[in-house]
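Engineer: Quick one: sequence and predicted model below, then my questions.
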Amino acid sequence: MEILWYGHSCFRLSERGKPSVITDPYDESIGYSVPRWRADVVTVSHEAPGHANVKAVKGRRQVFTGPGEYEVGGLFITGIRTYRDTQKGRKKGTNTVYLFDFNGLTICHLGDLGHVPTQAQVEALSAVDILLIPVGGGGGLNAAQASEVISLLEPRIVIPMHYKTKATRLKLEPVSRFLKAMGLGKIAPQPSLKVTAGQLPEETQVVLLDYVR
């Protein structure tokens, strides 16, 4: 399968023979130019300009905006209710984490998760292969929290998102803080991630993606 990052929390997930997915499409208010997205499925973690510009995605058949178990064309999606803060949503509201099962390869998009998951949530996310995780604060996990969540979930591949880039106007931390929290130095970004279930690393690996311009 292939994973493309468009910046912020927006990815395109595609696998031959399965519906394609756009996660958390943004509008121009956050700084990125809005691409010509096309996908079969759109997921929204929460209602905000940087995460819910559904109308910008062409060809969409299904839009999911909350918890539940869904199936579209053989793609299984699970939405899990979480929160955007450490006070069970009382400050910033709820967030939906999504699990995508692409032929046995499980991808987790944490949206704007703002707290370390509970034990029950950790168990629900225990089989994650590829984790798309906010690392720049600003409503989502900061670098230290992201590092803790990764140690709990133990994914095979980690792709950071929701951090400061040259394009965004939002007040977020740079990805370098997250890399430092993970004990890593500089990592060269790559244009996309292409991976199959048989190619997953044995130890957790951080992959940086360059956003599609």
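Structural biologist: Yep, that arrived.

Engineer: The least confident helix or strand in the chain by mean pLDDT: how far from the chain's middle?
Structural biologist: Using mean pLDDT, DSSP states H and E, the weakest-scoring helix or strand in the chain turns out to be helix 119-124, at a mean of 91. Going by CA atoms, centre = their mean, to the nearest Å, the spacing between the C-alpha centre of helix 119-124 and its chain's C-alpha centre is 18 Å.

Engineer: Outside of it itself, list whatever touches it.
Structural biologist: Here helix 119-124 makes contact (CB atoms under 8 Å, 6 or more residues apart in numbering) with Thr78, Ile80, Thr82, Val97, Leu152, Leu153. (C-beta placed from N, C-alpha, C; glycine too.)

Engineer: What of stretch 78-95?
Structural biologist: Surrounding stretch 78-95, the residues in contact under the criterion CB under 8 Å, 6+ apart are 43, 45-46, 64, 66-70, 96-99, 110-115, 117, 121, 124-125, 139-140.

Engineer: hang on, the earlier thing: which of the contacts of helix 119-124 sits closest to Tyr26?
Structural biologist: Distance from Tyr26 was checked for each of the contacts of helix 119-124 by CB to CB. The minimum falls on Val97, at 18.2 Å.

Engineer: Strands of this protein, start to end?
Structural biologist: Residue ranges of the strands in the chain, as given by DSSP state E, are 2-7, 10-14, 21-23, 41-43, 62-64, 68-72, 75-83, 94-102, 105-109, 130-134, 157-161, 193-194, 205-206.

Engineer: So for the first one, what gets flagged as buried?
Structural biologist: Within strand 2-7, the residues that count as buried by 16 or more other CB atoms under 10 Å are Ile3, Leu4, Trp5, Tyr6, Gly7.

Engineer: Contacts only, for Leu209.
Structural biologist: With contact taken as CB under 8 Å, 6+ apart, Leu209 is in contact with Ile3, Leu4, Trp5, Ile159, Pro189, Gln190, Pro191, Ser192, Leu193.

Engineer: Distance to Ser176 added to those residues, as a markdown table?
Structural biologist: Converted to a markdown table, those look like this (distance: CB to CB, whole Å):
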| residue | distance to Ser176 |
| --- | --- |
| Ile3 | 22 |
| Leu4 | 22 |
| Trp5 | 17 |
| Ile159 | 16 |
| Pro189 | 12 |
| Gln190 | 17 |
| Pro191 | 20 |
| Ser192 | 22 |
| Leu193 | 20 |
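
Engineer: Centre of the chain to the longest helix along the chain, how far?
Structural biologist: For the chain, the helix with the greatest residue count under DSSP state H is helix 143-153. For helix 143-153, the distance from its own C-alpha centre to the chain's C-alpha centre is 14 Å (CA atoms, centre = their mean).

Engineer: helices or strands up against that helix?
Structural biologist: Helices and strands touching helix 143-153, as assessed by 3 or more CB pairs under 8 Å, 6 or more residues apart in numbering; DSSP states H and E, comprise strand 130-134, helix 175-181.

Engineer: Narrow the contacts of stretch 78-95 to just the buried residues.
Structural biologist: Neighbour-count burial within those applies to 43, 45-46, 64, 96-99, 110-115, 117, 121, 124-125, 139-140; the criterion is 16+ other CB under 10 Å.

Engineer: Sounds good, over and out.
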